[in-house]
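>>> pasting the structure only:
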Ligand code: PEP
């Protein structure tokens, strides 16, 4: 996987007001020198900040959305289509984050439709998959996650990014161990293609990023809490 370009993506979740543009400006400036040239850096802010961030024209940071609707337009009050997010300046779109699956009842079928909608609007989907603690403890993590992937993955060559995010490691301070990550990423590699970017997510921090990013078939990270501050996110990018 040495040839696969790395990606570090930050998911701000429902955090960020206009004041926080100062933070992302600081990050963009710090990434100018020395400029990491073998990694793409993406921030997925709340949708309200995509256009203001886009207007700042950072050339070291790409932008992503955290979700999109399955349809292009229509009577879906409160929702945003992939084309609108693209219009606002997003190039990527997270789909199937476990918080969407849990709090909004998104099924594999919905996630698949959202992924297709993102591709159609020229957004690069970041498809999230991951098991809960019960599944991990029952020894069914790999089978469950591969099934989740296959239910939504449109096939090789589509430029889809996959993020393995064990639910029990998100926002908990717990991370999967290198052996667990290696086993899962080997299975995801087999189920995708040699050039699919496979990210790990779940409590990635400056202190553990280098170890996680050194695991085979890990091509980057999806970072939640530690993406909010330039002081945390920059060292993860550099790792
Ligand atoms: C996430 O929700 O995508 C995530 C990885 O969160 P955290 O880094 O805060 O665990």
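Nice, thanks for sending it over. Because the structure is a prediction, the values reported are computed rather than measured.
>>> wait, residue 152 sits on residue 119?
No. The pair residue 152 and residue 119 fails to qualify as a contact (C-beta atoms under 8 Å) at a distance of 11.4 Å. Backbone N, C-alpha and C define where each C-beta goes, glycine included.
>>> contact partners for the residue in the chain that the ligand sits nearest to?
Closest contact between the chain and the ligand, by C-beta to the nearest ligand atom, is at residue 224 (2.2 Å). Going by C-beta atoms under 8 Å, 6 or more residues apart in numbering, residue 224 touches 10-11, 13, 170-171, 201, 203.
>>> and these near the ligand, which?
11, 170-171, 201, 203 (C-beta under 6 Å from any ligand atom).
>>> helix, strand or coil: sort out the residue of the chain most remote from its centre for me.
The C-alpha centroid of the chain is most remote from residue 75, which lies 28.0 Å away (C-alpha atoms, centre = their mean). Under DSSP: H, G, I helix; E, B strand; the rest coil, residue 75 falls in the coil class.
>>> and it, what pLDDT?
At residue 75 the predicted local confidence, pLDDT, stands at 98.
>>> equivalent analysis for the one 4 residues further on, please.
At residue 79 the predicted local confidence, pLDDT, stands at 98.
>>> ok, it - contacts?
Applying C-beta under 8 Å, 6+ apart, we find residue 79 in contact with residue 69.
>>> let me see the backbone angles for it.
For residue 79, the backbone dihedrals are phi -100, psi 160 (criterion: degrees, to the nearest 10).
>>> now do residue 230
Backbone geometry at residue 230, expressed as degrees, to the nearest 10, gives phi -60, psi -40.
>>> isn't residue 52 up against residue 21?
Yes. If you go by C-beta under 8 Å, residue 52 and residue 21 touch, sitting 6.1 Å apart.
>>> number of nearby residues for residue 181?
Residue 181 has 23 neighbours, counted by other C-beta atoms under 10 Å.
>>> not counting sequence-adjacent ones, nearest residue to it?
Nearest non-adjacent residue to residue 181, counting by C-beta to C-beta, 6 or more residues apart in numbering: residue 215, 4.9 Å away.
>>> what strand or helix carries residue 146?
Using DSSP states H and E, residue 146 maps to helix 141-152.
>>> buried sites along that helix?
141-142, 144-146, 148-149, 152 (16 or more other C-beta atoms under 10 Å).
>>> go on, stretch 76-87?
Using 16+ other C-beta under 10 Å as the test for burial, stretch 76-87 gives 80-86.
>>> over to stretch 184-198?
For stretch 184-198, a neighbour-count test (16+ other C-beta under 10 Å) marks 184-185, 187-189, 191-192, 196-198 as buried.
>>> and residue 26, that's in a strand?
No. Under three-state DSSP, residue 26 falls outside any strand and is assigned helix.
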